[in-house]
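Trainee: Using only what follows, build the 3D model:
(one chain, ligands or ions: 3)
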Amino acid sequence: RAAVARNEARSAEIPILAYQPGNEERHIRQLAILADLRRAARHDEFRLFLQPKIRLPDGEICGAEALVRWQHPVFGFLTPDQFIPLAEKSGNISLITNWALGAAIRECRFWLEEGLDLPVSVNLSARDLQNRDLPCFALELLRDHDLPSRNLVLEITEQAVVHDAQRAILVLECLRDLGICISIDDFGTGYSSLAHLKHLPADELKIDRSFVMDLPGNKDDAAIVRAAIDLAHNLGRPVVAEGVENAAILLRRGELGCAEAQGDHMSKPVPLAAL
Ligand code: C2E
Ligand code: MG
Ligand code: MG
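Mentor: Numbering: from 1, shown residues only. Ligands and ions are numbered 1, 2, ... in the order given. Got it, this is the predicted structure:
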């Protein structure tokens, strides 16, 4: 029970926390989720959801982001916040990354056969950028499915590059040399945006939804978003606004000069067949 309280305190980042009866249930559930990760990848319990990215003003779909969910046999439908951080902390994220890459590339190949030349975006975690085998793994999958590498976009956060930046940038450059596109996710939430941006091999910036969601009413957020868009444009990189929840945000994003958008207003993440 002391260990459970200590773990809770650590993850909540508070110095002292008393054990509460029932706390171990969460802990036991997390342990069970961790133990089941490998089986989930093998038995195809993960589900790929997709959220379209829209180009404006014409409203055409210009890509889709792959977002993983887990249909767990006991705990039911799990969203990424319930298992991705656990997989990251325990060093198991490559199980999910490899599964997501395979599923996304397979789906993207299917679109191409249907006459839809649409890139698919897959999220990477910090540890993936320390994995020197990742570029080879991605290349093999692309070859197996005969998919052009420009149809694959990998989303990374600025934070993911901070840890052993040298190796991370090496892996990123390798991926880019293969023709895979790199997108900076949750842009603006990292600490070292400006210093890092210069060195980051990136083809696209996605402005974090925390800045985008309050756009219509919040002058500060609008200023931040405008500055980020100007910066990206000056670096010659397109910008995507994440978290476009309603028409007012969509309009404001247009006024600020951001040409691509993703969010619940256009479509929530949906199962493969629904896209
Ligand atoms: P993300 O990559 O920033 O993905 C966007 C998240 O914002 C998605 O949440 C999406 O549902 C949500 N979102 C999109 N539009 C709106 C909106 O208009 N309003 C609001 N409130 N939310 C919106 P989701 O699917 O729960 O994913 C959460 C995070 O989990 C992702 O953030 C990503 O960091 C991570 N994740 C998901 N799939 C994977 C994966 O396969 N691998 C890794 N490493 N991480 C993943
Ligand atoms: Mg993302
Ligand atoms: Mg994001």
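
Trainee: ok, which stretches of the chain are strands?
Mentor: Assigned by DSSP state E, the chain shows strands spanning 46-55, 60-72, 76-78, 120-123, 152-157, 181-187, 204-207, 239-241, 260-261, 270-271.

Trainee: The longest one vs ligand 1: in contact?
Mentor: What it means is strand 60-72. Yes: Strand 60-72 is in contact with ligand 1 by C-beta under 6 Å from any ligand atom, via 67-68. Using the backbone N, CA and C atoms, a C-beta is placed for each residue, glycine as well.

Trainee: Say whether ligand 2 is contacted by that strand.
Mentor: No: using C-beta under 5 Å from the ion, no contact is recorded between strand 60-72 and ligand 2, whose separation bottoms out at 5.5 Å.

Trainee: Within range of ligand 1, give me the residues from the stretch 151-275 of the chain.
Mentor: So the stretch 151-275 of the chain meets ligand 1 at 155, 185-186, 209, 242-245, 262-264, 269 (C-beta under 6 Å from any ligand atom).

Trainee: Of those, just the buried ones, ChimeraX syntax please.
Mentor: Per 16 or more other C-beta atoms under 10 Å, the buried members of these correspond to this ChimeraX selection:
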select :155,185,186,209,242,243,244,245,262,263,269
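
Trainee: Check the residues of the stretch 151-275 of the chain next to ligand 1 one by one and keep those near ligand 2.
Mentor: 155, 185.

Trainee: mind putting the residues of the stretch 151-275 of the chain next to ligand 1 in JSON lines, pLDDT and distance to A222 included?
Mentor: Shown next, in JSON lines, are those (pLDDT from 0 to 100; distance: C-beta to C-beta, whole Å):
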{"residue": "E155", "pLDDT": "98", "distance to A222": "24"}
{"residue": "D185", "pLDDT": "94", "distance to A222": "21"}
{"residue": "D186", "pLDDT": "91", "distance to A222": "18"}
{"residue": "R209", "pLDDT": "90", "distance to A222": "14"}
{"residue": "E242", "pLDDT": "93", "distance to A222": "16"}
{"residue": "G243", "pLDDT": "93", "distance to A222": "14"}
{"residue": "V244", "pLDDT": "93", "distance to A222": "14"}
{"residue": "E245", "pLDDT": "92", "distance to A222": "16"}
{"residue": "Q262", "pLDDT": "95", "distance to A222": "19"}
{"residue": "G263", "pLDDT": "95", "distance to A222": "17"}
{"residue": "D264", "pLDDT": "95", "distance to A222": "20"}
{"residue": "P269", "pLDDT": "98", "distance to A222": "26"}
